[in-house]
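1. The following block contains a protein sequence and its predicted model.
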2 protein chains.
Amino acid sequence: MTAIETAATGVPAEGTRARVERAALDLFTLRGFEQVTTDEVADAAGISRRTFFRYFATKADAVWGDFAAHVARLEELLAGADPAQPVLASVCAAYVEVNDYAAAELPLLRERMLLILTEPALLAHSQLRYAEVDRVVARYVAARSAADATDLVPRLVAATTRAAATTAFQAWLADERSALGTHLRQAFAELTAGFPALLR
Amino acid sequence: MTAIETAATGVPAEGTRARVERAALDLFTLRGFEQVTTDEVADAAGISRRTFFRYFATKADAVWGDFAAHVARLEELLAGADPAQPVLASVCAAYVEVNDYAAAELPLLRERMLLILTEPALLAHSQLRYAEVDRVVARYVAARSAADATDLVPRLVAATTRAAATTAFQAWLADERSALGTHLRQAFAELTAGFPALLR
DNA sequence: TTGCCCCCTGGCACCGGGTGTCATTAGCCT
DNA sequence: AGGCTAATGACACCCGGTGCCAGGGGGCAA
(Lines give C-alpha, C1' and ligand atoms only; values in the text may rest on other atoms or scores of the structure.)
Protein backbone atom coordinates (compact mmCIF):
# COMPACT_ATOMS: atom_id res chain seq x y z
CA MET A 1 0.00 0.00 0.00
CA THR A 2 2.14 2.85 -1.22
CA ALA A 3 2.75 5.25 -4.05
CA ILE A 4 5.31 3.18 -5.92
CA GLU A 5 4.00 -0.34 -6.22
CA THR A 6 6.34 -3.18 -7.10
CA ALA A 7 5.51 -6.48 -8.71
CA ALA A 8 4.29 -9.32 -6.55
CA THR A 9 6.35 -11.00 -3.87
CA GLY A 10 9.34 -13.20 -4.52
CA VAL A 11 10.94 -10.72 -6.88
CA PRO A 12 14.44 -9.41 -6.13
CA ALA A 13 12.87 -5.96 -6.31
CA GLU A 14 15.50 -3.94 -8.10
CA GLY A 15 16.19 -0.77 -6.16
CA THR A 16 14.15 -1.65 -3.11
CA ARG A 17 16.92 -0.61 -0.75
CA ALA A 18 17.16 2.84 -2.27
CA ARG A 19 13.39 3.22 -2.16
CA VAL A 20 13.30 2.32 1.52
CA GLU A 21 16.07 4.82 2.23
CA ARG A 22 14.13 7.57 0.54
CA ALA A 23 10.93 6.73 2.38
CA ALA A 24 12.78 6.61 5.70
CA LEU A 25 14.60 9.88 5.10
CA ASP A 26 11.41 11.63 4.05
CA LEU A 27 9.40 10.44 7.03
CA PHE A 28 12.17 11.05 9.56
CA THR A 29 12.77 14.55 8.24
CA LEU A 30 9.08 15.34 8.20
CA ARG A 31 8.01 14.02 11.60
CA GLY A 32 11.18 13.18 13.51
CA PHE A 33 13.10 9.94 13.86
CA GLU A 34 11.48 8.69 17.05
CA GLN A 35 7.97 9.63 15.97
CA VAL A 36 8.09 7.32 12.96
CA THR A 37 7.76 3.58 13.47
CA THR A 38 9.52 1.01 11.34
CA ASP A 39 6.09 -0.21 10.35
CA GLU A 40 5.34 3.15 8.78
CA VAL A 41 8.62 3.24 6.90
CA ALA A 42 8.04 -0.27 5.62
CA ASP A 43 4.52 0.60 4.55
CA ALA A 44 5.68 3.73 2.75
CA ALA A 45 8.27 1.68 0.91
CA GLY A 46 5.80 -1.06 0.07
CA ILE A 47 7.48 -3.83 2.03
CA SER A 48 6.84 -5.62 5.29
CA ARG A 49 8.45 -4.68 8.59
CA ARG A 50 10.29 -7.98 8.55
CA THR A 51 11.80 -7.20 5.19
CA PHE A 52 12.83 -3.74 6.34
CA PHE A 53 15.04 -5.39 8.94
CA ARG A 54 16.59 -7.57 6.24
CA TYR A 55 17.78 -4.49 4.38
CA PHE A 56 18.82 -2.59 7.52
CA ALA A 57 20.07 -4.05 10.76
CA THR A 58 18.59 -1.18 12.73
CA LYS A 59 16.14 1.65 12.16
CA ALA A 60 19.06 4.08 12.31
CA ASP A 61 20.94 2.32 9.54
CA ALA A 62 18.32 3.38 7.01
CA VAL A 63 19.70 6.92 7.29
CA TRP A 64 23.33 6.18 6.56
CA GLY A 65 23.27 4.93 2.98
CA ASP A 66 26.33 2.95 1.98
CA PHE A 67 28.60 4.17 4.73
CA ALA A 68 30.87 1.14 4.55
CA ALA A 69 31.84 2.16 1.01
CA HIS A 70 32.58 5.62 2.33
CA VAL A 71 34.94 4.22 4.95
CA ALA A 72 36.53 1.95 2.37
CA ARG A 73 37.16 4.94 0.11
CA LEU A 74 38.78 6.81 2.96
CA GLU A 75 41.01 3.83 3.58
CA GLU A 76 42.03 3.72 -0.09
CA LEU A 77 42.80 7.41 -0.11
CA LEU A 78 45.01 6.98 2.92
CA ALA A 79 46.74 3.98 1.38
CA GLY A 80 47.50 6.02 -1.70
CA ALA A 81 48.59 9.17 0.12
CA ASP A 82 51.95 10.72 -0.67
CA PRO A 83 54.44 9.43 1.95
CA ALA A 84 56.44 12.61 1.59
CA GLN A 85 53.58 14.59 3.07
CA PRO A 86 53.31 14.76 6.88
CA VAL A 87 51.03 12.15 8.42
CA LEU A 88 48.54 14.60 9.83
CA ALA A 89 48.29 16.50 6.56
CA SER A 90 47.59 13.25 4.73
CA VAL A 91 44.77 12.41 7.10
CA CYS A 92 43.19 15.83 6.72
CA ALA A 93 43.55 15.75 2.95
CA ALA A 94 41.92 12.33 2.82
CA TYR A 95 39.02 13.60 4.90
CA VAL A 96 38.57 16.57 2.60
CA GLU A 97 38.70 14.43 -0.50
CA VAL A 98 36.36 11.70 0.73
CA ASN A 99 33.84 14.41 1.54
CA ASP A 100 34.12 16.13 -1.83
CA TYR A 101 30.62 15.36 -3.00
CA ALA A 102 29.11 16.18 -6.35
CA ALA A 103 26.68 19.07 -6.27
CA ALA A 104 23.79 16.76 -7.02
CA GLU A 105 24.48 14.73 -3.90
CA LEU A 106 24.57 17.66 -1.52
CA PRO A 107 20.84 17.93 -0.77
CA LEU A 108 20.71 14.28 0.20
CA LEU A 109 23.85 14.66 2.31
CA ARG A 110 22.38 17.67 4.08
CA GLU A 111 19.21 15.76 4.88
CA ARG A 112 21.18 12.81 6.23
CA MET A 113 23.61 14.82 8.31
CA LEU A 114 20.91 17.07 9.68
CA LEU A 115 19.10 14.03 11.00
CA ILE A 116 22.26 12.39 12.32
CA LEU A 117 23.44 15.48 14.16
CA THR A 118 20.01 16.56 15.35
CA GLU A 119 18.18 13.44 16.42
CA PRO A 120 19.53 12.10 19.71
CA ALA A 121 19.02 8.45 18.81
CA LEU A 122 20.91 8.93 15.55
CA LEU A 123 23.63 10.96 17.20
CA ALA A 124 24.17 8.11 19.62
CA HIS A 125 24.20 5.57 16.82
CA SER A 126 26.75 7.65 14.91
CA GLN A 127 29.38 6.82 17.48
CA LEU A 128 29.30 3.21 16.33
CA ARG A 129 29.84 4.22 12.71
CA TYR A 130 32.58 6.67 13.56
CA ALA A 131 34.38 3.96 15.48
CA GLU A 132 35.01 2.22 12.14
CA VAL A 133 36.44 5.44 10.72
CA ASP A 134 38.64 5.93 13.76
CA ARG A 135 40.09 2.45 13.44
CA VAL A 136 41.01 3.06 9.80
CA VAL A 137 42.69 6.37 10.55
CA ALA A 138 44.48 5.07 13.64
CA ARG A 139 45.85 2.14 11.66
CA TYR A 140 47.18 4.50 9.01
CA VAL A 141 48.82 6.82 11.52
CA ALA A 142 50.29 3.87 13.35
CA ALA A 143 51.76 2.45 10.16
CA ARG A 144 53.25 5.78 9.14
CA SER A 145 54.71 6.49 12.57
CA ALA A 146 55.94 3.00 13.38
CA ALA A 147 53.58 2.78 16.33
CA ASP A 148 50.73 0.53 17.35
CA ALA A 149 47.18 1.44 16.34
CA THR A 150 46.17 1.23 19.99
CA ASP A 151 48.82 3.73 21.13
CA LEU A 152 47.84 7.16 22.30
CA VAL A 153 48.95 9.27 19.35
CA PRO A 154 47.35 7.26 16.52
CA ARG A 155 44.09 7.09 18.42
CA LEU A 156 44.37 10.75 19.30
CA VAL A 157 44.82 11.79 15.69
CA ALA A 158 41.89 9.63 14.63
CA ALA A 159 39.56 10.88 17.35
CA THR A 160 40.42 14.57 17.01
CA THR A 161 40.39 14.74 13.22
CA ARG A 162 37.07 12.99 13.17
CA ALA A 163 35.74 15.35 15.82
CA ALA A 164 36.96 18.24 13.70
CA ALA A 165 35.26 16.83 10.63
CA THR A 166 31.99 16.41 12.52
CA THR A 167 32.21 19.97 13.75
CA ALA A 168 32.79 21.16 10.20
CA PHE A 169 29.62 19.33 9.21
CA GLN A 170 27.70 21.16 11.91
CA ALA A 171 28.98 24.49 10.66
CA TRP A 172 28.08 23.54 7.11
CA LEU A 173 24.54 22.60 8.11
CA ALA A 174 24.10 25.84 10.03
CA ASP A 175 25.14 27.90 7.02
CA GLU A 176 22.93 27.07 4.09
CA ARG A 177 25.03 28.72 1.40
CA SER A 178 28.48 27.53 2.35
CA ALA A 179 30.79 24.86 0.99
CA LEU A 180 31.52 21.82 3.13
CA GLY A 181 35.14 21.75 1.97
CA THR A 182 35.70 25.25 3.29
CA HIS A 183 34.58 24.34 6.78
CA LEU A 184 36.60 21.13 6.73
CA ARG A 185 39.78 22.92 5.67
CA GLN A 186 39.27 25.64 8.24
CA ALA A 187 38.64 23.12 11.00
CA PHE A 188 41.73 21.11 10.11
CA ALA A 189 43.81 24.27 9.83
CA GLU A 190 42.81 25.27 13.35
CA LEU A 191 43.42 21.79 14.66
CA THR A 192 46.82 21.20 13.12
CA ALA A 193 48.04 24.63 14.18
CA GLY A 194 46.93 24.17 17.78
CA PHE A 195 44.08 26.68 17.58
CA PRO A 196 45.97 29.87 16.77
CA ALA A 197 42.72 31.82 17.06
CA LEU A 198 42.81 31.26 20.81
CA LEU A 199 46.14 32.73 21.75
CA ARG A 200 44.82 34.87 24.54
CA MET B 1 14.80 -11.54 46.55
CA THR B 2 18.35 -10.35 46.98
CA ALA B 3 21.28 -10.21 49.33
CA ILE B 4 20.51 -6.86 50.89
CA GLU B 5 16.86 -6.83 51.85
CA THR B 6 15.13 -3.54 52.51
CA ALA B 7 12.06 -2.91 54.60
CA ALA B 8 8.66 -3.30 53.03
CA THR B 9 7.36 -1.15 50.22
CA GLY B 10 6.56 2.53 50.49
CA VAL B 11 9.85 3.32 52.22
CA PRO B 12 12.12 5.98 50.71
CA ALA B 13 14.80 3.29 50.78
CA GLU B 14 17.88 5.28 51.70
CA GLY B 15 20.67 4.48 49.28
CA THR B 16 18.59 2.51 46.84
CA ARG B 17 20.06 4.32 43.85
CA ALA B 18 23.61 3.48 44.85
CA ARG B 19 22.64 -0.13 45.46
CA VAL B 20 21.09 -0.40 42.00
CA GLU B 21 24.20 1.12 40.44
CA ARG B 22 26.40 -1.45 42.13
CA ALA B 23 24.16 -4.32 41.09
CA ALA B 24 24.05 -3.06 37.52
CA LEU B 25 27.79 -2.50 37.30
CA ASP B 26 28.52 -5.93 38.73
CA LEU B 27 26.18 -7.75 36.41
CA PHE B 28 27.19 -5.78 33.31
CA THR B 29 30.87 -6.35 34.01
CA LEU B 30 30.34 -10.01 34.69
CA ARG B 31 28.12 -10.98 31.79
CA GLY B 32 28.07 -8.04 29.40
CA PHE B 33 25.66 -5.13 29.08
CA GLU B 34 23.35 -6.60 26.49
CA GLN B 35 23.24 -10.02 28.12
CA VAL B 36 21.73 -8.64 31.33
CA THR B 37 18.08 -7.64 31.38
CA THR B 38 16.73 -4.76 33.42
CA ASP B 39 14.61 -7.32 35.21
CA GLU B 40 17.74 -9.04 36.46
CA VAL B 41 19.31 -5.79 37.61
CA ALA B 42 16.13 -4.84 39.42
CA ASP B 43 15.93 -8.25 41.06
CA ALA B 44 19.55 -8.10 42.16
CA ALA B 45 18.91 -4.70 43.71
CA GLY B 46 15.69 -5.83 45.37
CA ILE B 47 13.35 -3.54 43.48
CA SER B 48 10.87 -3.94 40.65
CA ARG B 49 11.63 -3.27 37.02
CA ARG B 50 9.27 -0.30 37.08
CA THR B 51 11.13 1.24 39.98
CA PHE B 52 14.43 0.73 38.20
CA PHE B 53 13.18 3.01 35.44
CA ARG B 54 12.22 5.63 38.02
CA TYR B 55 15.81 5.83 39.19
CA PHE B 56 17.31 5.64 35.70
CA ALA B 57 15.76 6.88 32.51
CA THR B 58 17.51 4.17 30.51
CA LYS B 59 19.40 0.97 31.19
CA ALA B 60 22.60 2.73 30.16
CA ASP B 61 22.15 5.51 32.70
CA ALA B 62 22.72 3.06 35.54
CA VAL B 63 26.39 2.96 34.54
CA TRP B 64 27.09 6.69 34.64
CA GLY B 65 26.60 7.56 38.29
CA ASP B 66 25.99 11.25 38.94
CA PHE B 67 27.36 12.50 35.65
CA ALA B 68 25.37 15.72 35.80
CA ALA B 69 27.32 16.70 38.89
CA HIS B 70 30.51 15.95 37.01
CA VAL B 71 29.51 18.28 34.21
CA ALA B 72 28.45 20.93 36.71
CA ARG B 73 31.84 20.73 38.38
CA LEU B 74 33.57 21.15 35.05
CA GLU B 75 31.47 24.21 34.40
CA GLU B 76 32.41 25.67 37.80
CA LEU B 77 36.08 25.01 37.17
CA LEU B 78 35.85 26.82 33.87
CA ALA B 79 33.96 29.71 35.42
CA GLY B 80 36.68 30.07 38.00
CA ALA B 81 39.60 29.69 35.60
CA ASP B 82 42.31 32.32 35.49
CA PRO B 83 41.46 34.72 32.64
CA ALA B 84 45.15 35.46 32.18
CA GLN B 85 45.71 31.89 31.03
CA PRO B 86 45.04 31.09 27.35
CA VAL B 87 41.56 29.74 26.65
CA LEU B 88 42.70 26.36 25.44
CA ALA B 89 45.00 25.88 28.40
CA SER B 90 42.13 26.65 30.75
CA VAL B 91 39.94 24.06 29.12
CA CYS B 92 42.63 21.40 29.33
CA ALA B 93 43.41 22.27 32.93
CA ALA B 94 39.74 22.04 33.84
CA TYR B 95 39.53 18.62 32.21
CA VAL B 96 42.56 17.42 34.13
CA GLU B 97 41.24 18.75 37.41
CA VAL B 98 37.70 17.43 37.05
CA ASN B 99 39.20 14.00 36.38
CA ASP B 100 41.52 14.09 39.36
CA TYR B 101 39.87 11.31 41.29
CA ALA B 102 40.76 10.06 44.74
CA ALA B 103 42.58 6.74 44.75
CA ALA B 104 39.61 5.04 46.36
CA GLU B 105 37.36 6.00 43.46
CA LEU B 106 39.63 4.69 40.73
CA PRO B 107 38.48 1.06 40.70
CA LEU B 108 34.88 2.16 40.27
CA LEU B 109 35.88 4.62 37.55
CA ARG B 110 37.80 1.91 35.73
CA GLU B 111 34.82 -0.40 35.83
CA ARG B 112 32.53 2.31 34.51
CA MET B 113 34.79 3.53 31.74
CA LEU B 114 35.69 0.02 30.65
CA LEU B 115 32.01 -0.70 30.13
CA ILE B 116 31.32 2.61 28.44
CA LEU B 117 34.21 2.32 26.01
CA THR B 118 33.80 -1.40 25.38
CA GLU B 119 30.10 -2.08 25.11
CA PRO B 120 28.69 -0.79 21.82
CA ALA B 121 25.35 0.20 23.29
CA LEU B 122 27.05 2.20 26.02
CA LEU B 123 29.53 3.75 23.61
CA ALA B 124 26.62 4.96 21.54
CA HIS B 125 24.84 6.30 24.58
CA SER B 126 27.98 8.14 25.66
CA GLN B 127 27.61 10.53 22.76
CA LEU B 128 24.48 11.92 24.39
CA ARG B 129 26.29 12.53 27.65
CA TYR B 130 29.30 14.05 25.97
CA ALA B 131 27.04 16.45 24.13
CA GLU B 132 26.30 18.10 27.47
CA VAL B 133 30.02 18.44 28.15
CA ASP B 134 30.62 19.88 24.70
CA ARG B 135 27.98 22.53 25.20
CA VAL B 136 29.54 23.62 28.47
CA VAL B 137 33.03 23.88 26.97
CA ALA B 138 31.82 25.59 23.80
CA ARG B 139 29.97 28.19 25.86
CA TYR B 140 33.11 28.91 27.86
CA VAL B 141 35.32 29.24 24.79
CA ALA B 142 32.74 31.42 23.11
CA ALA B 143 32.54 33.72 26.11
CA ARG B 144 36.32 34.01 26.36
CA SER B 145 36.80 34.64 22.65
CA ALA B 146 33.83 36.95 22.08
CA ALA B 147 32.27 34.44 19.72
CA ASP B 148 29.02 32.51 19.59
CA ALA B 149 28.87 29.05 21.13
CA THR B 150 27.62 27.70 17.81
CA ASP B 151 30.59 29.08 15.85
CA LEU B 152 33.20 26.75 14.44
CA VAL B 153 36.09 27.41 16.82
CA PRO B 154 34.25 27.05 20.14
CA ARG B 155 32.63 23.84 18.96
CA LEU B 156 35.92 22.66 17.56
CA VAL B 157 37.73 23.15 20.84
CA ALA B 158 34.96 21.41 22.72
CA ALA B 159 34.81 18.44 20.37
CA THR B 160 38.55 17.92 20.04
CA THR B 161 39.44 18.34 23.71
CA ARG B 162 36.70 15.93 24.63
CA ALA B 163 37.91 13.49 22.00
CA ALA B 164 41.41 13.84 23.44
CA ALA B 165 40.13 13.19 26.95
CA THR B 166 38.27 10.10 25.80
CA THR B 167 41.39 8.82 24.08
CA ALA B 168 43.35 9.39 27.26
CA PHE B 169 40.81 7.28 29.11
CA GLN B 170 41.31 4.48 26.60
CA ALA B 171 45.06 4.61 27.11
CA TRP B 172 44.56 4.61 30.87
CA LEU B 173 42.31 1.55 30.72
CA ALA B 174 44.76 -0.30 28.50
CA ASP B 175 47.60 0.32 30.92
CA GLU B 176 46.66 -1.02 34.34
CA ARG B 177 49.42 0.68 36.32
CA SER B 178 49.31 4.17 34.87
CA ALA B 179 47.87 7.45 36.12
CA LEU B 180 44.91 8.93 34.31
CA GLY B 181 46.28 12.45 34.72
CA THR B 182 49.46 11.52 32.88
CA HIS B 183 47.56 10.34 29.83
CA LEU B 184 45.30 13.38 29.91
CA ARG B 185 48.22 15.79 30.08
CA GLN B 186 50.05 14.00 27.30
CA ALA B 187 46.99 13.97 25.09
CA PHE B 188 46.34 17.66 25.62
CA ALA B 189 50.01 18.47 25.07
CA GLU B 190 49.91 16.71 21.70
CA LEU B 191 46.66 18.38 20.77
CA THR B 192 47.56 21.92 21.69
CA ALA B 193 50.93 21.64 19.96
CA GLY B 194 49.42 20.33 16.74
CA PHE B 195 50.82 16.80 17.16
CA PRO B 196 54.56 17.50 17.13
CA ALA B 197 55.19 13.76 17.22
CA LEU B 198 53.97 13.53 13.64
CA LEU B 199 56.28 15.92 11.87
CA ARG B 200 57.28 13.54 9.16
C1' DT C 1 6.99 -28.01 -20.86
C1' DT C 2 7.86 -29.91 -16.49
C1' DG C 3 10.04 -30.11 -12.33
C1' DC C 4 13.39 -28.60 -9.05
C1' DC C 5 16.02 -25.43 -6.31
C1' DC C 6 17.23 -21.01 -4.54
C1' DC C 7 16.20 -16.80 -2.67
C1' DC C 8 13.28 -13.10 -1.50
C1' DT C 9 9.38 -12.26 1.03
C1' DG C 10 5.79 -11.77 4.67
C1' DG C 11 3.40 -13.49 8.75
C1' DC C 12 3.80 -14.82 13.37
C1' DA C 13 5.42 -15.34 17.88
C1' DC C 14 8.60 -13.81 21.02
C1' DC C 15 12.07 -11.01 23.72
C1' DG C 16 13.55 -6.78 25.93
C1' DG C 17 13.63 -1.71 26.73
C1' DG C 18 10.68 1.93 28.07
C1' DT C 19 6.11 4.28 29.55
C1' DG C 20 1.35 5.41 31.39
C1' DT C 21 -1.87 4.20 34.86
C1' DC C 22 -3.52 2.74 39.12
C1' DA C 23 -3.79 0.75 43.65
C1' DT C 24 -1.16 0.02 47.85
C1' DT C 25 1.56 1.25 51.68
C1' DA C 26 4.68 3.77 54.79
C1' DG C 27 5.97 8.00 56.91
C1' DC C 28 4.76 12.45 58.37
C1' DC C 29 2.07 16.25 59.75
C1' DT C 30 -2.02 18.16 62.07
C1' DA D 1 -6.88 9.13 64.66
C1' DG D 2 -7.17 11.01 60.11
C1' DG D 3 -5.37 12.82 55.93
C1' DC D 4 -1.67 14.04 52.78
C1' DT D 5 2.47 12.90 50.19
C1' DA D 6 5.69 10.08 48.00
C1' DA D 7 7.71 5.76 46.71
C1' DT D 8 6.61 1.41 45.17
C1' DG D 9 5.02 -2.57 42.32
C1' DA D 10 1.74 -4.75 39.20
C1' DC D 11 -0.24 -4.51 34.76
C1' DA D 12 -1.01 -3.33 30.09
C1' DC D 13 0.88 -1.42 26.22
C1' DC D 14 4.10 0.35 22.46
C1' DC D 15 8.02 -0.33 19.62
C1' DG D 16 12.59 -2.05 17.97
C1' DG D 17 14.62 -6.26 16.79
C1' DT D 18 14.94 -11.56 15.91
C1' DG D 19 14.00 -16.58 14.98
C1' DC D 20 11.21 -19.50 12.47
C1' DC D 21 8.50 -21.12 8.93
C1' DA D 22 5.65 -21.24 4.85
C1' DG D 23 4.78 -19.56 0.22
C1' DG D 24 5.82 -17.85 -4.24
C1' DG D 25 8.57 -16.35 -8.26
C1' DG D 26 12.57 -16.84 -11.37
C1' DG D 27 16.10 -19.52 -13.37
C1' DC D 28 17.99 -23.75 -14.68
C1' DA D 29 18.22 -28.64 -16.07
C1' DA D 30 16.06 -32.65 -18.04
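-> That came through, no problem.
2. domain assignment for chain A?
-> Dividing chain A into domains by automatic domain parsing, as the record does, gives the ranges A:16-62, A:64-195.
3. Dump these into JSON lines; add distance to B:V141 and mean neighbour count as well.
-> The C-beta positions use only the backbone N, C-alpha and C, and glycine is treated the same way. Formatted as JSON lines, these follow (distance: least, Cβ to Cβ, whole Å; neighbours: other Cβ atoms under 10 Å in any protein chain shown):
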{"stretch": "domain A:16-62", "distance to B:V141": "29", "mean neighbour count": "17"}
{"stretch": "domain A:64-195", "distance to B:V141": "9", "mean neighbour count": "18"}
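4. Between those, which one is closest to DNA strand D.
-> Nearest to DNA strand D among the domains of chain A is domain A:16-62 (3.3 Å), distances taken as Cβ to the nearest atom of the strand.
5. Can you get me the centre-to-centre distance for the closest one and its chain?
-> Relative to its parent chain, domain A:16-62 has a centroid offset of 18 Å by Cα atoms, centre = their mean, to the nearest Å.
6. Just the endpoints, please. Distance across that domain?
-> 12 Å (Cα to Cα, to the nearest Å).
7. same deal with stretch A:44-58?
-> 17 Å.
8. cool, stretch A:168-182 as well?
-> 9 Å.
9. what about whichever helix or strand A:L122 is part of, near chain B?
-> Taking DSSP states H and E as the definition, A:L122 sits inside helix A:120-144. Yes. Helix A:120-144 lies within reach of chain B by Cβ under 8 Å from any Cβ of the partner chain, at A:120, A:123-128, A:131, A:141.
10. if we take these, which one ends up nearest to A:V71?
-> Distance to A:V71 across the residues of helix A:120-144 next to chain B (Cβ to Cβ) is lowest for A:A131, with 10.4 Å.
11. Name the nearest residue to that closest one, ignoring sequence neighbours.
-> Spatial nearest neighbour of A:A131, excluding adjacent residues (Cβ to Cβ, 6 or more residues apart in numbering or on different chains): B:L123 at 7.0 Å.
12. try A:T51
-> If the residues on either side of it in the chain are set aside, A:T51 comes closest to A:A42, at 6.9 Å by Cβ to Cβ, 6+ apart.
13. Any chance you could list what contacts stretch A:82-94?
-> Here stretch A:82-94 makes contact (Cβ atoms under 8 Å, 6 or more residues apart in numbering or on different chains) with A:74, A:77-78, A:81, A:137, A:140-141, A:144-145, A:157, A:161, A:184, A:188, A:191-192, B:194-195, B:198-200.
14. Which residue does chain A have closest to DNA strand C?
-> Taking Cβ to the nearest atom of the strand, chain A has A:T51 as its residue nearest DNA strand C, at 2.9 Å.
15. Look at that residue and give its secondary structure.
-> Secondary structure state of A:T51, per DSSP: H, G, I helix; E, B strand; the rest coil, is helix.
16. how close does it get to A:R17?
-> 11 Å (Cβ to Cβ, to the nearest Å).
17. Ok, A:A165 next?
-> As it turns out, when the distance is counted by Cβ to Cβ, A:A165 lies 26 Å from A:R17.
18. Please enumerate the strands of chain A.
-> Read by DSSP state E, chain A holds no strands at all.
19. pLDDT weak spots in it?
-> Flagging of chain A using pLDDT under 70 yields the residue ranges A:1-14, A:200.
20. Could you rerun that using 90?
-> A:1-16, A:176, A:196-200 (pLDDT under 90).
21. Break down it into its helices, ranges please.
-> Applying DSSP state H to chain A gives helices spanning A:16-31, A:38-45, A:49-55, A:67-79, A:87-98, A:106-118, A:120-144, A:152-174, A:180-192.
22. The last one vs helix A:87-98, what angle?
-> Interaxial angle, helix A:180-192 versus helix A:87-98 (axes from the mean of the first three to the mean of the last three Cα atoms, to 10 degrees): 170 degrees.
23. helices or strands next to helix A:180-192 in the packing?
-> Packed against helix A:180-192 by the contact rule (3 or more Cβ pairs under 8 Å, 6 or more residues apart in numbering or on different chains; DSSP states H and E) you find helix A:87-98, helix A:152-174, helix B:152-174.
24. run the last query once more with 10 Å
-> Contacting helix A:180-192 under the criterion 3 or more Cβ pairs under 10 Å, 6 or more residues apart in numbering or on different chains; DSSP states H and E are the following elements: helix A:87-98, helix A:106-118, helix A:152-174, helix B:152-174.
25. Pull the distance from that helix to the chain's centre.
-> Here helix A:180-192 is found 17 Å from its chain centre; the criterion is Cα atoms, centre = their mean.
26. is it true that A:A159 touches B:T166?
-> Yes. A:A159 sits in contact with B:T166 when judged by Cβ atoms under 10 Å, with a separation of 6.5 Å.
27. Spit out the residues that contact these two alike.
-> For the pair A:A159 and B:T166, residues contacting each of them under the criterion Cβ atoms under 10 Å, 6 or more residues apart in numbering or on different chains are B:A187.
28. who's in contact with the residue nearest to A:T51?
-> Contacts for A:A42 were tallied using Cβ under 10 Å, 6+ apart; they are A:2, A:20, A:23-24, A:48-53, A:55.
29. next one: A:R139
-> Contact partners of A:R139, counting by Cβ under 10 Å, 6+ apart, are A:75, A:78, A:148-150, A:154, A:158.
30. And it, how close does it get to B:D39?
-> The value you get for A:R139 to B:D39, if Cβ to Cβ is used, is 40 Å.
31. And for A:L74?
-> According to Cβ to Cβ, A:L74 stands 42 Å off from B:D39.
32. now swap in A:D151 and tell me
-> As defined by Cβ to Cβ, A:D151 lies at a distance of 41 Å from B:D39.
33. try A:A79
-> 48 Å.
34. same check, this time on A:E40
-> Between A:E40 and B:D39 the computed distance is 29 Å (Cβ to Cβ).
35. Check A:L184 too.
-> With the distance defined as Cβ to Cβ, A:L184 ends up 46 Å from B:D39.
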